[in-house]
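**Q** Based on what follows, work out the 3D shape:
(one chain, ligands or ions: 1)
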Amino acid sequence: MYGQLLSDKTVFTHQDTLRGSITPERAWWDLTYYHLNIEVLPDTKFISGHNTIQYTVLEPANVLQIDLQEPLKITKATQDGKPLQVINDGNAHFITLTEPQRKGASNAIDVYYEGHPKEAIKAPWDGGFSWKKDDNGKHFIATSCQGLGASVWWPCKDHMYDEVDSMDISVTTPKNLMDVSNGRLTDTKTLSDGRKTYTWSVKNPINNYGVNVNIGDYVHFSEVYPGENGDLDMNYYVLKDNLEKAKKQFKDAPKMMKAFEHWFGPYPFYEDGFKLVEVPYLGMEHQSSVTYGNKFKNGYLGRDLSGTGWGLKFDFIIIHEAGHEWFANNITNIDIADMWIHESFTAYSENLFLDYYYGKKASAEYVIGTRKSILNTAPIIGVYDVNNEGSGDMYYKGANMLHTLRQLVEDDEKWRQILRGMNKIFYHQTVNTKQIEDFLSQETGIDLTAFFNQYLRDTRIPTLEYTFENNTLKYHWTHIVSDFDMPIQVTLNGKLQWIYPTAEWKTIPITSKTFEIDSDFYVDHKKI
Ligand SMILES: [Zn+2]
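**A** This next block holds a predicted model:
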């Protein structure tokens, strides 16, 4: 997603640790399959149902942790039909199994639940259920839960590290409404009173917050995109009244696919297809069912975040949220402290979309334009093991960090192959910052340790301090972490050239005092 993150918490509780760490009651079992089966009752804002949770035993144990947030209640948990004891600790629920759990065995539990789920007030930033009506007075409902977690509306192992391998989602709706969830529609049943049950199947690993339910008076159109891995089904679900507008605006979807397959490699979920689904909030990167609420306007609700004009050349929500299919859904952070892996690369993808259609200069102007929203008040990386996101600078400071790194690589084809390689090496995986840092150091051939310490873990911007003295330029880096020695390109003596500043002063002979730092580098400068 994009926008202001609501949490800037510094004190963490026992509940935060239960939610954000790999507890012993999570560690011993590996998720393999979910079948979430729920009924949604919009008139009373009530949901009920159950989740079948299949897992492989990694190490024998007999208590497992399932998360479900209040005010929803687990009504029953069973294994092989036998009821199990559930002990609640706030939003974490510890279920005691009675059958032996043998190493390597594939077992399942069923968790039944119901209640009035938390209502999203400012979706997608707070999350929960959005219970809205369309212009014709029909129910228009959607879930969103990034950060807060999927357990705000369904029982699951609510930690990013363990993605389920596949999933079915069955949703029963009132008559004359349709549910659209992730993956492909594999079954529709009409009950005797007109209610309908839609079953959607996801064949690829999916992160919890990517799972979604969207209910509305939808119409559908589609196209087949000839992609790198063959024919890709692209399906679009919008409210009946918006069909014509959507047919026009969603032309950005195949354009996006073309640009992003070029830069990042094949779309990661061919088996599940790609969808855009209209929702009553701005949008979210739900895997294979990207949700859309950008009012069929270019920019971010009609606004250009870069202030350069380039941001109005595309629909921000289509491009940004679909960019997450590669960075968030394909390559997923293990801990949300490392959420920059999702947002920095995705914010950066906006300028690569522009690069593909409008060239390198346009894309550079865009990403440089977004610097005005950088705060530099807190580090990009958050606190580990307590479900804590880092600063909102993970968007455009992160994008500008990657744009700077592209300059250091100084070979656009190599840079493209690095981005494609990243999506191949970490295909369908959960990763941490260290893995990404090591990969990028190795592939670029540059030791990027200090570079990432500076931009991800420090709030200071490297500042080139310089002065002219006796026909020389004297320069060095200040406001830096130890060992920071990034070279930069400058215009000096009438030509573009690299200089190699460190913390120590250096000098270079000059013929004129015209000196300019290449604006592609996200750094500061100060003449003293
Ligand atoms: Zn995002």
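
**Q** Where do the helices of the stretch 251-400 of the chain begin and end?
**A** Ranges of helices in the stretch 251-400 of the chain, per DSSP state H, counting those that start in this stretch, are 252-264, 316-323, 340-358, 360-369, 396-409.

**Q** Make a markdown table from those helices and add mean pLDDT, mean neighbour count and distance to Gly445 to it.
**A** Bear in mind the C-beta positions are built from the backbone N, C-alpha and C, glycine included. Formatted as a markdown table, the helices of the stretch 251-400 of the chain follow (pLDDT from 0 to 100; neighbours: other C-beta atoms under 10 Å; distance: least, C-beta to C-beta, whole Å):
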| stretch | mean pLDDT | mean neighbour count | distance to Gly445 |
| --- | --- | --- | --- |
| helix 252-264 | 98 | 21 | 20 |
| helix 316-323 | 98 | 26 | 26 |
| helix 340-358 | 98 | 25 | 20 |
| helix 360-369 | 98 | 20 | 22 |
| helix 396-409 | 98 | 23 | 9 |
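
**Q** Need those in a markdown table (columns: distance to Asp485).
**A** Below are those laid out as a markdown table (distance: least, C-beta to C-beta, whole Å):
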| stretch | distance to Asp485 |
| --- | --- |
| helix 252-264 | 29 |
| helix 316-323 | 32 |
| helix 340-358 | 22 |
| helix 360-369 | 23 |
| helix 396-409 | 12 |
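
**Q** and of those, who's closest to Val481?
**A** helix 396-409 (13.5 Å; C-beta to C-beta).

**Q** Might you calculate how far the helix or strand just after the closest one sits from the centre of the chain?
**A** Later in the chain than helix 396-409, the nearest helix or strand by DSSP states H and E is helix 412-425. Helix 412-425 sits 19 Å away from the centroid of its parent chain (C-alpha atoms, centre = their mean, to the nearest Å).

**Q** Which one of the residues in the stretch 101-250 of the chain is closest to the ion?
**A** Residue of the stretch 101-250 of the chain nearest the ion, by C-beta to the ion: Gln146 (8.6 Å).

**Q** Excluding chain neighbours, give the residue nearest to that residue in space.
**A** Tyr209 (4.7 Å; C-beta to C-beta, 6 or more residues apart in numbering).

**Q** Repeat that for Glu223.
**A** With C-beta to C-beta, 6+ apart as the criterion, Glu223 has its nearest non-adjacent residue at 5.2 Å, and that residue is Met234.

**Q** Next, find the distance separating the one you found from Pro226.
**A** Per C-beta to C-beta, to the nearest Å, Met234 is found 11 Å from Pro226.

**Q** list the contacts for the residue nearest the centre of the chain?
**A** Residue closest to the average C-alpha location in the chain (C-alpha atoms, centre = their mean): Ala328, at 3.8 Å. By C-beta atoms under 8 Å, 6 or more residues apart in numbering, Ala328 lies in contact with 207, 210, 285, 341-343, 346.

**Q** next one: Phe439
**A** By C-beta under 8 Å, 6+ apart, the contact list for Phe439 reads 421-422, 425-426.

**Q** ok, and the most crowded of those residues?
**A** Met422 (24 neighbours; other C-beta atoms under 10 Å).

**Q** do you know how far that one is from Ile319?
**A** Noted for Met422: a distance of 19 Å to Ile319, by C-beta to C-beta.

**Q** Quick check: phi and psi at the residue in the stretch 151-300 of the chain positioned nearest to the ion.
**A** Here the residue of the stretch 151-300 of the chain nearest the ion is Glu285; by C-beta to the ion that distance is 6.1 Å. Backbone torsions of Glu285, given as degrees, to the nearest 10, read phi -80, psi 40.

**Q** cool, Ser106 as well?
**A** phi -100, psi 110.

**Q** beta partners for it?
**A** Thr56 (DSSP bridges).

**Q** quick one: contacts for it?
**A** Ser106 neighbours (C-beta under 8 Å, 6+ apart): 32, 54-57.

**Q** The helix or strand harbouring Val40 packs against which elements?
**A** Using DSSP H and E, Val40 sits within strand 29-41. Contacts defined by 3 or more C-beta pairs under 8 Å, 6 or more residues apart in numbering; DSSP states H and E place strand 29-41 against strand 46-57, strand 166-173.

**Q** neighbouring contacts of the shortest one?
**A** Contacts of strand 166-173 from elsewhere in the structure, counted by C-beta under 8 Å, 6+ apart, are 32-40, 179, 181-183, 186-187, 191, 195-206, 211, 213, 215.

**Q** Helices along the stretch 51-200 of the chain, start to end?
**A** Using DSSP H, counting those that start in this stretch, helices in the stretch 51-200 of the chain do not occur.

**Q** Sketch out the low-pLDDT regions of the stretch 1-150 of the chain for me.
**A** Residues of the stretch 1-150 of the chain meeting the criterion pLDDT under 70: 1, 3-9.

**Q** in the stretch 401-528 of the chain, what spans have low per-residue confidence?
**A** For the stretch 401-528 of the chain, no stretch has pLDDT under 70.

**Q** Near the ion, which residues of the stretch 201-350 of the chain are found?
**A** Along the stretch 201-350 of the chain, the residues adjacent to the ion under the rule C-beta under 5 Å from the ion are 343, 346.

**Q** now do 6 Å
**A** Residues of the stretch 201-350 of the chain found near the ion (C-beta under 6 Å from the ion) are 320, 324, 343, 346.

**Q** Do you have the helices of the stretch 401-528 of the chain handy? List them.
**A** 412-425, 433-444, 449-457.
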